[in-house]
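*Asks:* Could you look at this predicted model? Sequence included:
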Amino acid sequence: MTLSFRHYALLAALAFLLALPGRMSLPPLDRDEPRYMQATAQMLSSGNFLDIRFQDQPRYLQPAGIYWLEAAAVKTAEIVTQDPKLRHESWPYRLPSLIASIFSIVLTAWIGSRLFGGVVGLLAAGLLLVAPLFAAESRMATIDSVLLLDILCIQTLLLRHFEDMQAGRPTPRRYSLLYWAAIGVGLMLKGPIVLIPAIGTISALCISLRHASLLRQIRSGWGWIISLLIVLPWCAGITLVSHGDFFRHAVGHNLLGKITHAQETHGFPPGYYCLLFLLAFWPGALFAVRAIPTIWQRRIQPNVLFLLCWIIPHWLVFECLATKLPHYVLPTYPAIAILTAASLLVWQTSSLRSFWGKLGTGLYTALWSIAGLIFCMAGPVLLYRMEGHVFAEALLPVCGSVPLLAVGIWLLWKREWRDSAFCAIGTALLTEVGIFLCIIPHLTSIQLSPRIAESFAQLRPCQNSVLISPSYKEPSLVFLTGGTARLLSPTLAAQSLHDHARCDLALVDQKDDSTFKKALTQLGSEVILYDQFEGLNYSNGHKMHLRLYAINGQSSP
């Protein structure tokens, strides 16, 4: 079966529809997403598209590419809707991730179809679409979905060069230009990180083939100049503006620091991504692990070799880094999905005959089944534990997903692996849509920032009032209050509220309440209570009892 334009268009439409749930209702997710949003909002407000800042602090982690994309999305949404207030809503900032995720699904299907046939491409696209890690990243205004698309473009173009090399024909120059341009775009998105899959795949292929013909095929002698021409103008500009601080921080601290030591408590030993794979790539993880012996037997086949050289170097590099975050290996998931789909549809996967092989497969299948059941039930259980009640609509997805999962497990018992995979994909689709549509909107106890921002907008005495927050310092609060929140210590918060008594408000947790009030008393001021909030700060797991204060004598709104 060959996929036509109609197939890809229908697949893109399906990916779009399945990515929509939760995109409007999902609040900014601390901590990275609102930092991207706020930095982009400040970029739009200031007109400075060179120097990236979060409030008054430089945000020198990666180049400006993702901020430019989000700024363009927000500006376009404002023009189309004629609503300037969209800048303070979340969904416009998520448009680049939405678009990137759709095209990532389509490209995964194209590569799978090119290597193994159309049906394999469609199944691979389905496995990637429902993978929890992909589903989560595609809904956030962060860099990872866009970076995934860029890496897929790089690998798609490299595949064209690889096939031409195998056939002994020269690749048209335009494909080489596009290949190096995609690397340049990746450098503008994430800096040198994009070189890990780019250089890693080529190096692994050259080593495996024992010749360097692929380097000549991609025109490496001059192609790198194209990449530099894309990234150098911005590099020169930010170097001048930051006096070199950008590269000292982005490369010296952020990049090299992650290699040598764990940052922000994200340090795990090697093997972390292998353990996480069961959850991050459910339901495809079981079928991928089962296929490993068969894939290895076919490792010298060009189509399999290409995908293995895509996966293995990237995976090993990030397993060896001191800092580990789940999305670091996301760019390998399309290749894994394609190999998994091929094992289900094209190859006759042989059963493991050894005792340890059967035992390992059985244990992994049991873990997969338990993970699937937890996945199906997580939404209603979480809703009940956090809110104390369960809505009927929250149970509807469970009524569909649990029976499908049960059928999938029964098919596993019958060794009908392909049909079981289809059932599991349906289970994941129902569960994910249910979580984003029926569960998250009702989890009010963890949505502290939206509740606080709404109350502050209604109660602030002046149009230019500032929210001083010594206790709750999440970036989502900064974004939802239009960047006006000031994150200070309790003592400095008391001083600031005293100095701006007519307009400002303070948000104080009960653990800081006595220190804050004592400092105010020493300044000769007292506070009155405007509002209070209780909930869970999911970023650190702390329960919060927050009070919104104004100086006594301030005019009520």
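*Replies:* Cool, got the structure. These numbers were taken from a predicted model, which means no experiment stands behind them.
*Asks:* what's stretch 212-227 in contact with?
*Replies:* Here stretch 212-227 makes contact (C-beta atoms under 8 Å, 6 or more residues apart in numbering) with 158, 161-162, 164-165, 170-171, 173, 176-177, 179-181, 183-184, 187, 202, 205-206. (Each C-beta comes from the backbone N, C-alpha and C, glycine too.)
*Asks:* tell me the mean pLDDT for stretch 491-510?
*Replies:* Regarding stretch 491-510, the rounded mean pLDDT is 95.
*Asks:* nope, stretch 150-165 is what I was after
*Replies:* Per-residue scores along stretch 150-165 average to 98.
*Asks:* now stretch 287-307
*Replies:* Computed over stretch 287-307, the average pLDDT equals 95.
*Asks:* Show me what that stretch is in contact with.
*Replies:* With contacts defined as C-beta under 8 Å, 6+ apart, stretch 287-307 is touched by 115-116, 127, 159, 162, 166, 201, 205, 208, 277, 281, 308, 335-340, 342-344, 347, 349-350, 352, 357, 361, 364, 417, 421.
*Asks:* Those, buried ones only, as a ChimeraX selection?
*Replies:* The buried residues among those can be selected in ChimeraX (16 or more other C-beta atoms under 10 Å) with this line:
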select :115,116,127,159,162,201,205,277,281,308,335,336,337,338,339,340,342,343,344,347,349,417,421
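*Asks:* residues contacting residue 271?
*Replies:* residue 319.
*Asks:* buried residues in the helix or strand containing residue 238?
*Replies:* According to DSSP states H and E, residue 238 maps onto helix 220-242. For helix 220-242, burial by neighbour count (16+ other C-beta under 10 Å) applies to 223, 226, 227, 230, 231, 234, 235, 238, 242.
*Asks:* With stretch 402-422 instead?
*Replies:* 402, 404-409, 411-412, 417, 420-422.
*Asks:* With just CA atoms, put it into PDB.
*Replies:* Written as PDB, here are the backbone C-alpha positions of stretch 402-422 (Å, rounded to 0.1, in the frame of the first residue of the first chain):
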ATOM      1  CA  VAL A 402     -10.900  -0.400  30.500                       C
ATOM      2  CA  PRO A 403     -12.900  -2.900  28.400                       C
ATOM      3  CA  LEU A 404     -10.600  -2.200  25.400                       C
ATOM      4  CA  LEU A 405      -7.600  -2.800  27.600                       C
ATOM      5  CA  ALA A 406      -9.100  -6.000  28.800                       C
ATOM      6  CA  VAL A 407      -9.600  -7.200  25.200                       C
ATOM      7  CA  GLY A 408      -6.000  -6.100  24.400                       C
ATOM      8  CA  ILE A 409      -4.600  -8.200  27.400                       C
ATOM      9  CA  TRP A 410      -6.800 -11.200  26.300                       C
ATOM     10  CA  LEU A 411      -5.400 -10.900  22.800                       C
ATOM     11  CA  LEU A 412      -1.900 -10.900  24.300                       C
ATOM     12  CA  TRP A 413      -2.700 -14.100  26.000                       C
ATOM     13  CA  LYS A 414      -3.800 -15.500  22.700                       C
ATOM     14  CA  ARG A 415      -0.600 -14.200  21.100                       C
ATOM     15  CA  GLU A 416      -2.500 -11.900  18.700                       C
ATOM     16  CA  TRP A 417       0.100  -9.100  19.100                       C
ATOM     17  CA  ARG A 418      -1.100  -7.000  16.200                       C
ATOM     18  CA  ASP A 419      -4.700  -6.900  17.200                       C
ATOM     19  CA  SER A 420      -3.700  -6.300  20.800                       C
ATOM     20  CA  ALA A 421      -1.700  -3.200  19.700                       C
ATOM     21  CA  PHE A 422      -4.700  -1.800  17.900                       C
END
